[in-house]
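Trainee: Sequence and predicted model, in that order:
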Amino acid sequence: MKYCKKCVMPDTRPGIVFDEEGVCSACRSYEKQKTVDWDARYKELEALCDKYRGMNGPDKFDCAIAVSGGKDSHFQTYVMKELMGMNPLLISALDNLQMTEAGKHNIDNIAEEFGCTMIKVRPKAKVQKKIMRLTFENFGHPIWVCERFTYVAPFHVAINFNLPLLVYGENVSYTYGGPGAEDTYSAKKQILNGAASDIPEDLLLSTGITKADLELYTMPPVEQLEKLEPIYMSYFLPWNSHKNYLFARSRGFHTLTHEWEATHHIEHYNQVDSYAYSLNGWMRYPKFGHQYTTDFASRYVRYGMITRDEAIALVQKHDHDLDPKTVETFCEFVGYSESEFWQIVEKHYNKDLFYKDDWGRWIPKYPIWKA
Ligand SMILES: [Zn+2]
């Protein structure tokens, strides 16, 4: 297990690449932001908006924004509505997990603050639960179904409203390192980035759900997709999670500060919508030896907010420490006892990266604080 010389990201992150100087591709893409001609990129976005503005006639929607209610969604909506003068329809693909107070507030705040209409799409809860059990047990990827829905459902809604221009936030693979990393504005291949790639349909159907249950999880046919122009906002404007958070807060976004201090996070503004969702990110810890704390500590080092040594201390303190409230709310929703839950987690520990000590705890073999 190697770690980036600049941040604290290990080479076990799927799809990340290290160069000959031992620096990860996420650090390199952040550095490259400094050399991008942002004025030219901004003009590209304006040109794209000029192409679609008013396309459905006066007083009609002319673009769609896939929003989660998060900090980035606030920023995207601001750019499209207030800077580009578009008339966006907000599409919020939700899930059925118990929401936090901040999450409930934020999703409504976007529509109200920016004066937009929002369509909320919610999948069938029973189907969601069945798929969550399947992907958690087989792949250690409990929230696959929610991520898939977030990516795919907006395509269907955008097509139905004849809104080819569909705006997503960040190009995760390119910004943070991942499969198919490419500096592109087009989000057509987003589905391949690993978070929500295909799980064989047969396997999904083996849970007793039907093909009809999967309609909004299945990409629209190619001839419909070809008419769409899904884009990443992160291609057109300099992208910084913390800056987006500060912006969102100035427009009424709520954090979890007074509600929940998750032990495996070091911030209060990322994925704040529900307690259970964050299990997905944490499951990367047993599988790949790192999770959210490593992600955010790495970002903060890149942004110049903390030193690499400070980041290492945060990783050592938080990365392993899955919050009990995440476990509790996840188990309650899906229907596991906590004992069943931990037995499944056990199965996903990667024995190349961890060993069990005399206390029965999983200990990382190659932690960054000993590297
Ligand atoms: Zn790095």
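Mentor: It's in. Just so we're clear, the structure is a prediction, and the values are computed from it rather than from any experiment. Numbering: from 1, shown residues only.
Trainee: For the residue in the stretch 101-250 of the chain that the ion sits nearest to, give me its contacts.
Mentor: The nearest approach of the stretch 101-250 of the chain to the ion comes at residue 177, 8.1 Å away (C-beta to the ion). Any C-beta I mention is one placed from the backbone N, CA and C, and that applies to glycine too. Shown in contact with residue 177 (C-beta atoms under 8 Å, 6 or more residues apart in numbering): 9, 13, 15-17, 24-26, 29.
Trainee: Near the ion, list only the ones from the residues you listed.
Mentor: If you filter the contacts of residue 177 for contact with the ion, counting by C-beta under 5 Å from the ion, you are left with 9, 24.
Trainee: Do a quick rundown of the helices in the stretch 201-350 of the chain.
Mentor: 201-205, 222-225, 241-250, 278-282, 284-288, 292-302, 308-318, 324-334, 338-347 (DSSP state H, counting those that start in this stretch).
Trainee: Take those and write them to CSV, including mean neighbour count and distance to the ion.
Mentor: Converted to CSV, the helices of the stretch 201-350 of the chain look like this (neighbours: other C-beta atoms under 10 Å; distance: least, C-beta to the ion, whole Å):
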stretch, mean neighbour count, distance to the ion
helix 201-205, 14, 35
helix 222-225, 10, 34
helix 241-250, 18, 15
helix 278-282, 24, 18
helix 284-288, 21, 15
helix 292-302, 24, 6
helix 308-318, 17, 9
helix 324-334, 18, 27
helix 338-347, 13, 27
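Trainee: Which of those helices sits closest to residue 170?
Mentor: Proximity to residue 170, assessed across these by C-beta to C-beta, is greatest for helix 241-250 (8.1 Å).
Trainee: and the angle for the closest one with helix 292-302?
Mentor: 100 degrees (axes from the mean of the first three to the mean of the last three C-alpha atoms, to 10 degrees).
Trainee: could you dump helix 241-250 to PDB, C-alpha only?
Mentor: The C-alpha coordinates for helix 241-250 follow below in PDB (Å, rounded to 0.1, in the frame of the first residue of the first chain):
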ATOM      1  CA  SER A 241     -15.800  21.400  -2.100                       C
ATOM      2  CA  HIS A 242     -15.100  23.700   0.800                       C
ATOM      3  CA  LYS A 243     -15.700  26.800  -1.300                       C
ATOM      4  CA  ASN A 244     -19.000  25.400  -2.500                       C
ATOM      5  CA  TYR A 245     -19.900  24.700   1.100                       C
ATOM      6  CA  LEU A 246     -19.100  28.300   2.100                       C
ATOM      7  CA  PHE A 247     -21.200  29.600  -0.800                       C
ATOM      8  CA  ALA A 248     -24.100  27.300   0.000                       C
ATOM      9  CA  ARG A 249     -24.100  28.300   3.600                       C
ATOM     10  CA  SER A 250     -24.400  32.000   2.500                       C
END
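Trainee: follow-up on the earlier one: CSV please, covering the helices of the stretch 201-350 of the chain and showing mean pLDDT and distance to residue 52.
Mentor: Shown next, in CSV, are the helices of the stretch 201-350 of the chain (pLDDT from 0 to 100; distance: least, C-beta to C-beta, whole Å):
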stretch, mean pLDDT, distance to residue 52
helix 201-205, 91, 33
helix 222-225, 88, 17
helix 241-250, 95, 24
helix 278-282, 94, 33
helix 284-288, 97, 37
helix 292-302, 96, 32
helix 308-318, 98, 41
helix 324-334, 97, 39
helix 338-347, 98, 46
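Trainee: Need those in TSV (columns: distance to residue 110).
Mentor: Compiled in TSV, the helices of the stretch 201-350 of the chain are given as follows (distance: least, C-beta to C-beta, whole Å):
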stretch	distance to residue 110
helix 201-205	31
helix 222-225	26
helix 241-250	9
helix 278-282	21
helix 284-288	28
helix 292-302	23
helix 308-318	29
helix 324-334	24
helix 338-347	33
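Trainee: Quick one, which of those gets closest to residue 265.
Mentor: Among those, the nearest to residue 265 by C-beta to C-beta is helix 292-302 (5.4 Å).
Trainee: got a list of contacts for that closest one?
Mentor: 4, 6-10, 26-27, 30, 176, 241-242, 264-267, 270, 278, 281-282, 306-308, 310-312, 314-315, 317-319.
Trainee: between that helix and helix 308-318, how big is the angle?
Mentor: Going by the same axes, to 10 degrees, helix 292-302 makes 170 degrees with helix 308-318.
Trainee: chain center to helix 292-302, what's the gap?
Mentor: Mean C-alpha position of helix 292-302 versus that of the full chain (C-alpha atoms, centre = their mean, to the nearest Å) differs by 15 Å.
Trainee: still on that earlier bit, can you pull the pLDDT of the residue of the stretch 101-250 of the chain closest to the ion?
Mentor: pLDDT for residue 177: 79.
Trainee: Disregarding flanking residues, what is the spatial nearest neighbour of it?
Mentor: With C-beta to C-beta, 6 or more residues apart in numbering as the criterion, residue 177 has its nearest non-adjacent residue at 3.5 Å, and that residue is residue 16.
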